[in-house]
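Trainee: Sequence plus predicted model, see below.
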Amino acid sequence: MPGIAEIRPIPKPPDLGPWEERIFPAPAGDLRLRFHSPYEFAMGGYTWTVTLEGSEPVKSWEGAGQPDYLQPWSSDGQKLAFPLSRDESSVLASLADGSEIAAPHWPRAEYLVALVWAPAHSRVLLLGEDHVDLLDGKFRALASCRWTPDEFDLPLAGWLDPDDAFFVFRPWKDAEIAFYSGDDASTLEVVPLEPSSIFPYDEEALAGLPRNRYVLELGEGTFGTASLLDQWTGCSYRAGGNDLFMCTYRPTGEIERGVRREPTVRAEQRWVSVRLAP
């Protein structure tokens, strides 16, 4: 039964690489999909240029979505897919030679958080803010599961190795990780994973801090909202190793009243590695 094998505090997870570029090598051969040249179309909102390349560029597309939570290649390296804003859908699909094929439909009005191919099976996940769709290798719908999201809830999904099951991790309030069958998306296990159970602190002493105000002093001149004490941030997953990385914030001192009008408290990141069991 899938679940959690180990929870281990760590200094910091391995680096994902430069934010401005993400490279996804094909499972076989010398092709790779490169996300680069981010364009800020709104404050904090970016699109990427995506280039399929080998020894030479094969094809490029403009207007791709967030690359951090993707596994764009099919297990055989013959297909690729990733979020891309278009009139009819929000997904682009292509063969390895760059020729486009019919893509799975995803309404443009809905945010596509992630698109994740299984590492060995002919399956793909489309993750939204409140549901995940399980498709086969021809993008035919197999199953779907839904949940009620919290405000600002942005889940993370990935396949376990071996890929008979996948997970959806919801890092915000009442954080939990749910495991599903890779055949029909039936629920296998749900495990609470709240920050307070792993990094406890004196919650009563800080109960008066408003969660929606910038009262956490994170560094010289940098402040965050006190809600960071109650949630996970910086979440990432390493497919193949079954390691989920995430951090929360914990106070390093007592509440202070200084030049700011409201009380503040210093806080720092606390990282954890969660090893998932297939």
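Mentor: Good, I have the coordinates. All of these numbers come straight from a predicted model, not from anything done at the bench. Numbering: from 1, shown residues only.
Trainee: and the nearest residue to His105 once chain neighbours are set aside, how many neighbours does it have?
Mentor: Nearest residue to His105 in three dimensions, chain neighbours excluded: Ser89, at 5.1 Å (Cβ to Cβ, 6 or more residues apart in numbering). (Each C-beta comes from the backbone N, C-alpha and C, glycine too.) Using other Cβ atoms under 10 Å, Ser89 is surrounded by 18 other residues.
Trainee: How is Ser89 assigned, secondary-structure-wise?
Mentor: Following DSSP: H, G, I helix; E, B strand; the rest coil, Ser89 is assigned to coil.
Trainee: So it versus Phe139, what's the distance?
Mentor: Ser89 sits 11 Å away from Phe139 when distances are taken as Cβ to Cβ, to the nearest Å.
Trainee: anything in contact with each of the two?
Mentor: Ala103, Pro104 (Cβ atoms under 8 Å, 6 or more residues apart in numbering).
Trainee: give me the number of residues near Gly3?
Mentor: Residues lying near Gly3 (other Cβ under 10 Å) number 14.
Trainee: Phi and psi next, for it.
Mentor: phi -180, psi -160 (degrees, to the nearest 10).
Trainee: Surely it is in contact with Leu193?
Mentor: No: assessed by Cβ atoms under 8 Å, Gly3 is found out of contact with Leu193, at 11.1 Å.
Trainee: Could you give the separation of stretch 34-53 from the chain centroid?
Mentor: Here stretch 34-53 is found 17 Å from its chain centre; the criterion is Cα atoms, centre = their mean, to the nearest Å.
Trainee: Can you list the buried residues in that stretch?
Mentor: Using 16 or more other Cβ atoms under 10 Å as the test for burial, stretch 34-53 gives Arg34, Phe35, His36, Pro38, Tyr46, Thr47, Trp48, Val50, Thr51, Leu52, Glu53.
Trainee: which of those residues sit farthest apart?
Mentor: Farthest pair in these (Cβ to Cβ) is Tyr46 and Glu53. Separation: 20.9 Å.
Trainee: Pull the contacting residues for Ser55.
Mentor: Applying Cβ under 8 Å, 6+ apart, one finds that Ser55 lies in contact with Asp30.
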